[in-house]
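Just to be clear, the model below is a prediction. Sequence and coordinates:
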Amino acid sequence: VDIGAKSEIYRIIDELAQKGIGVIVISSELPEIIGTCDRALVMREGHIEGSVGGPGGQPITQENIMALAAGVAA
């Protein structure tokens, strides 16, 4: 997806979220997840290892995501 198309996709996602519509974003690009999502579920070896963000959750940071992905999160 070129940069212009990504920009339009992000705009649409933001518009839907502002209306209270849930949007599922699947990506292996950490900056995309960190910049787009309010909550992220992290998968490891085919199952959900944990989540970051959301009410009361750990912040969505590269470090927290990678700790879950590597299986070293507390």
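Thanks, I have it.

Report the buried residues of the biggest helix by length in the chain.
When secondary structure is assigned using DSSP state H, the longest helix within the chain turns out to be helix 3-18. Of the residues in helix 3-18, none count as buried by neighbour count, 16 or more other C-beta atoms under 10 Å. No exception for glycine: its C-beta is placed from N, CA and C like everyone else's.

Which neighbouring elements make contact with the next helix or strand after it?
Following the chain from helix 3-18 toward its C-terminal end, the next helix or strand by DSSP states H and E is helix 30-36. Using 3 or more C-beta pairs under 8 Å, 6 or more residues apart in numbering; DSSP states H and E as the contact criterion, the elements in contact with helix 30-36 are helix 62-70.

now for the helix it packs on, which elements pack on it?
Contacting helix 62-70 under the criterion 3+ C-beta pairs under 8 Å, 6+ apart are the following elements: helix 30-36, strand 39-44, strand 47-53.

Any chance of those in TSV with mean pLDDT, mean neighbour count and distance to Gln62 as columns?
What follows is the helices and strands packed on helix 62-70, written out as TSV (pLDDT from 0 to 100; neighbours: other C-beta atoms under 10 Å; distance: least, C-beta to C-beta, whole Å):
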stretch	mean pLDDT	mean neighbour count	distance to Gln62
helix 30-36	93	15	5
strand 39-44	95	15	11
strand 47-53	96	15	10
